[in-house]
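> Mind looking at a prediction? Sequence and model below.
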Amino acid sequence: MKLLEVAAAVLQRTDGSFLLAQRPVDKICQGFWEFPGGKIEPGESPPQALRRELLEELGITALRIYPWLTRVFSYPHATVRLHFQKVVQWQGEPQSREAQAFVWQQPGATTVSPMLPANTFVLKALELPVRYGLTNAAESGEQRSLEQLDVALSRGLRLVQVREKHLERPALKRYAQEVVERCHAHGAWTIVNSDAELAAEVGADGVHLPAVQLMDANTRPPGLRWCGASCHDRREIEKAEAIGVDFVVLGPVKPTMSHPHAKPLGWDRFHQIASGASVPVYGLGGLHHADIEDAWRNGAHGIAMQRGAWGS
């Protein structure tokens with residue numbers, strides 16, 4: 001069966017809401033909701049196709065487009081490769097030019113159905129924030145790190161990994177419980193590094209698999225909402241996709257104090273490895289809040305930070 005290349009737009013407003021369109025009655029899968037877009041014509045890049053489709057379908061001109069996720073899906077009538085791209089700036093207001101309904105939705109609170117199956121996985125990915133903080137109590141001390149966490153949460157951090165490999169399990173459990181309590185009070189998610197059992201014990205929202213643990217796994221740990229994984233190359237990303245993780249971190253992008261002997265990927269190499277991934281990819285390693293634009297341009301969902309998350 002021929003593989004159809006399709007460009008799909010995730011139009012996002014500044015409040016995080018995104019646009020879904022309903023397939024009109026004269027098209028296959030009529031009535032299903034999807035992210036707007038269409039087939040990539042010969043000679044077009046995915047961004048070029050998306051600009052054309054958005055102008056034809058919704059009457060808007062896309063100004064800022066970032067590569068994001070790629071997913072292959074087989075329908076009875078065709079197999080499609082969907083190039084999901086985030087569109088965060090456009091000119092004009094969306095209007096129905098092809099008799100399709102459309103609606104703005106909030107991440108985690110989709111109210112329309114049915115969704116076109118190839119689009120469903122994107123809904124969970126959109127719930128992930130663009131900044132991912134990794135605790136650093138080994139360097140700052142536990143009390144100071146909790147104080148820094150409170151500040152970061154008050155400023156909007158919504159995804160935190162407990163990564164304290166120096167702590168013995170009883171102390172790690174106490175510290176993780178403190179982090180979970182503070183995160184949940186702000187509506188943030190807590191991920192525990194490497195220990196799914198501990199994550200469940202302290203009421204955390206997920207587990208993060210180091211690369212060695214990832215490569216030994218046959219499936220994601222059960223019973224937790226989120227599962228992330230650390231990756232350094234394409235092979236590890238493909239393994240993460242195969243076992244069903246929700247996101248990965250890829251690095252180090254820049255020189256980092258945590259791994260001083262590791263060779264940085266740089267953004268060009270990061271882009272080469274992350275391109276085509278079917279799960280959100282966070283850049284990691286020596287990054288700060290100001291790096292978010294570079295991350296988006298190179299296909300990242302966002303940035304993960306161990307020290308940068310807690311500074312001013």
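Arrived safely, thanks for sending.
> What residues of the worst-scoring helix or strand of the chain on mean pLDDT count as buried?
Every helix and strand of the chain was ranked by mean pLDDT, DSSP states H and E. The lowest is helix 117-125, at a mean of 92. Residues of helix 117-125 classed as buried: 118, 119, 120, 121, 122, 123, 125 (neighbour count, 16 or more other CB atoms under 10 Å). All C-beta spots, glycine's among them, are computed from the backbone N, C-alpha and C.
> Check stretch 155-174 too.
Buried-residue list, stretch 155-174, by 16+ other CB under 10 Å: 157, 158, 159, 160, 161, 162, 163, 164, 167, 172, 173.
> For the third one, which residues are in contact?
The reference is to residue 159. Neighbouring residues of residue 159 by CB atoms under 8 Å, 6 or more residues apart in numbering: 128, 129, 131, 132, 133, 188, 189, 191.
> and if we set it to 7 Å?
128, 129, 132, 133, 188, 189 (CB atoms under 7 Å, 6 or more residues apart in numbering).
> At the geometric centre of the protein, which residue sits there?
Using CA atoms, centre = their mean, the residue of the chain that lies closest to the mean C-alpha position is residue 280, 3.3 Å off.
> Without its sequence neighbours, what residue ends up closest to that one?
Leaving aside its chain neighbours, residue 280 sits nearest to residue 301 (3.5 Å; criterion: CB to CB, 6 or more residues apart in numbering).
> where do the helices sit along the protein?
Counting by DSSP state H, the chain has helices at residues 46-58, 117-125, 137-140, 142-154, 169-185, 196-201, 211-216, 234-243, 266-274, 292-297.
> Looking at those, which one is packed in the most?
The highest average neighbour count among the helices of the chain, using mean count of other CB atoms under 10 Å, belongs to helix 46-58 at a mean of 20.
> how long is stretch 184-204 end to end?
9 Å (CA to CA, to the nearest Å).
> mind checking how far it is from the chain centre?
In this view, stretch 184-204 has its centroid 18 Å away from the chain centroid, taken as CA atoms, centre = their mean, to the nearest Å.
> One more: stretch 63-83?
That offset, for stretch 63-83, works out to 16 Å (CA atoms, centre = their mean).
> So which bits of it are buried?
Across stretch 63-83, burial judged by 16+ other CB under 10 Å covers 65, 66, 67, 68, 69, 70, 71, 73, 80, 81, 82, 83.
> Report the lowest-confidence entry in those residues.
Lowest pLDDT of these: residue 73, 92.
> thought it was touching residue 81?
No. The pair residue 73 / residue 81 is not scored as a contact, 8.2 Å apart, by CB atoms under 7 Å.
> circling back to that earlier point, tell me, how many residues neighbour the residue nearest to residue 280?
27 (other CB atoms under 10 Å).
> I'd like the distance between the closest residue to residue 65 other than its chain neighbours and residue 221.
Excluding the flanking residues, the one nearest residue 65 by CB to CB, 6+ apart is residue 47, at 4.8 Å. Counting by CB to CB, to the nearest Å, the gap from residue 47 to residue 221 is 37 Å.
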